[in-house]
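# whatever this is, show me its structure:
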Amino acid sequence: MEPTPSPDPAEALARVETARAATVGRAVSPWWYYPGTGLFLLYAFATVSIDWDMIPFGVIIGIGLGPLLLTTLARNATGVWIDRFYATPGTRRISSWYGPAVVALGVVGLLLEWVADLRGAMAVAGAIVFVITVLAGRRLDAVLVRDLSARP
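Predicted structure coming up:
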């Protein structure tokens with residue numbers, strides 16, 4: 001058996017660079033991913049304001065099944081799946097304020113809704129979460145592309 005010849009290093013690096021460029025181009029989420037995720041979170045928050053009996057549906061659909069469905073559809077639409085919230089140091093920085101901000105808005109909304117008896121506070125908090133999700137998501141994609149495009 002004759003050993004296979006070693007590939008040319010320059011050719012191998014060119015293939016790696018081509019693969020990197022293809023991945024970066026497909027890493028951006030579809031336009032509907034973050035607005036959809038924001039709408040599901042809005043639904044989860046708003047069910048608290050709508051009716052006590054709706055809360056389980058808000059949790060199951062708005063926090064569980066909805067985002068899972070969107071993630072699956074986005075992965076199928078792009079052909080790749082990257083944990084965009086933790087993929088690079090830049091996206092981790094954005095996630096480190098986005099996650100706590102959503103939790104804080106939930107706590108403030110619940111306190112205003114149930115303790116201060118301010119009806120609709122959770123729906124307003126959900127609307128703010130929607131806006132933050134869309135804006136942070138667009139920023140996440142931009143940082144993800146920048147970080148993945150950077151040479152090590």
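
# ok, which stretches of this structure are helices?
9-27, 33-50, 55-57, 66-78, 89-110, 121-149 (DSSP state H).

# ok and the lowest-mean-pLDDT helix or strand in the chain relative to helix 66-78, angle-wise?
When each helix and strand of the chain is scored by mean pLDDT, DSSP states H and E, helix 9-27 comes last, with a mean of 75. Counting by axes from the mean of the first three to the mean of the last three C-alpha atoms, to 10 degrees, helix 9-27 points 140 degrees away from the direction of helix 66-78.

# got the phi/psi numbers for residue 51?
Per-residue torsions, residue 51: phi -170, psi 140 (degrees, to the nearest 10).

# burial count for the nearest residue to residue 112 once chain neighbours are set aside?
Nearest residue to residue 112 in three dimensions, chain neighbours excluded: residue 121, at 3.6 Å (C-beta to C-beta, 6 or more residues apart in numbering). The C-beta positions use only the backbone N, C-alpha and C, and glycine is treated the same way. Applying other C-beta atoms under 10 Å, we find 21 residues neighbouring residue 121.

# quick check, residue 121 in contact with residue 106.
No: using C-beta atoms under 8 Å, residue 121 makes no contact with residue 106, being 10.7 Å away.

# pretty sure residue 123 sits against residue 45.
Yes: Residue 123 is within contact range of residue 45, at 6.5 Å (criterion: C-beta under 8 Å).

# higher neighbour count, these two?
Remark: of residue 123 and residue 45, residue 45 carries more neighbours, 28 against 19, as counted by other C-beta under 10 Å.

# ok, now which ones touch the residue nearest to residue 112?
Contacts for residue 121 (C-beta atoms under 8 Å, 6 or more residues apart in numbering) come out as 49, 108-109, 112-113.
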